[in-house]
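In: Below is the structure, and that's it, no one-letter string:
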């Protein structure tokens, strides 16, 4: 059990570092594409502590057109009765669209949802798109990607 926990924690740390470096290296503010992470919970092994879960949110698109996005939650212990919503907010932070996910009445260590608004993508307002995770009816965490104005506008 302890070995599996150590391997999982090490994997979370490696994935987080690689994803962070990829986001920093590839970030392009004029595109709707982006990647965000949100860590939650804490698990400790001896004197080393790490997040007990991570939410990954990936958005693919160009300018304000989002063609596809997905979110995945990975946890040490299972989350139960979970759902993932995609939420769109304008520049002022006001929610103007929510795509509610289906409630999964199961327990899982990995939860996943994808969303393709329509064939060819859909144009959204400038602001942000977020993946929000709920478990047992309670908000758990969110990860957001900014959809910003190109620099030449």
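Out: Here it is on my side, so go on. The structure presented is a predicted model; accordingly, all values stated were derived computationally and were not measured. Numbers count the residues shown, from 1 in each chain.

In: CA only for contacts and neighbour counts going forward, please
Out: Will do.

In: Kindly provide the whole-number mean pLDDT of stretch 76-95.
Out: In this model, stretch 76-95 has a mean pLDDT of 93.

In: Could you list the buried residues of it?
Out: Using 16 or more other Cα atoms under 10 Å as the test for burial, stretch 76-95 gives 76, 79-90.

In: what does stretch 95-115 give?
Out: 101, 103, 108, 110-111, 113-115.

In: Looking at these, which is nearest residue 58?
Out: The closest of these to residue 58 turns out to be residue 114 (Cα to Cα; 9.4 Å).

In: Which residue would you name as the spatial centre of this protein?
Out: The centre of the chain sits closest to residue 57, judged by Cα atoms, centre = their mean, with a distance of 2.7 Å.

In: Quickly find the element holding that one.
Out: strand 53-62 (DSSP states H and E).

In: Show me how far stretch 34-49 is from its chain's centre.
Out: 14 Å (Cα atoms, centre = their mean, to the nearest Å).

In: Between its first and last residues, how far does it reach?
Out: End-to-end distance for stretch 34-49: 28 Å, by Cα to Cα, to the nearest Å.

In: Provide the partner residues of residue 95 in its beta bridges.
Out: Beta-bridge pairing of residue 95 under DSSP bridges involves residue 89.

In: no, scratch that, I was asking about residue 142
Out: According to DSSP bridges, beta-bridge pairing links residue 142 with residue 132.

In: which residues does it contact?
Out: 38, 55, 130-133 (Cα atoms under 8 Å, 6 or more residues apart in numbering).

In: And for the nearest residue to residue 86 once chain neighbours are set aside, the neighbour number?
Out: Spatially, and ignoring its direct neighbours in sequence, residue 86 is nearest to residue 131 (4.7 Å; Cα to Cα, 6 or more residues apart in numbering). Residue 131 is flanked by 28 other residues according to other Cα atoms under 10 Å.

In: re earlier: so how far is the strand holding residue 57 off the chain centroid?
Out: 5 Å.

In: Dump the contacts of residue 142 into a markdown table; add pLDDT as well.
Out: Shown next, in a markdown table, are the contacts of residue 142 (pLDDT from 0 to 100):
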| residue | pLDDT |
| --- | --- |
| 38 | 94 |
| 55 | 96 |
| 130 | 95 |
| 131 | 96 |
| 132 | 97 |
| 133 | 96 |
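
In: All set, thanks.
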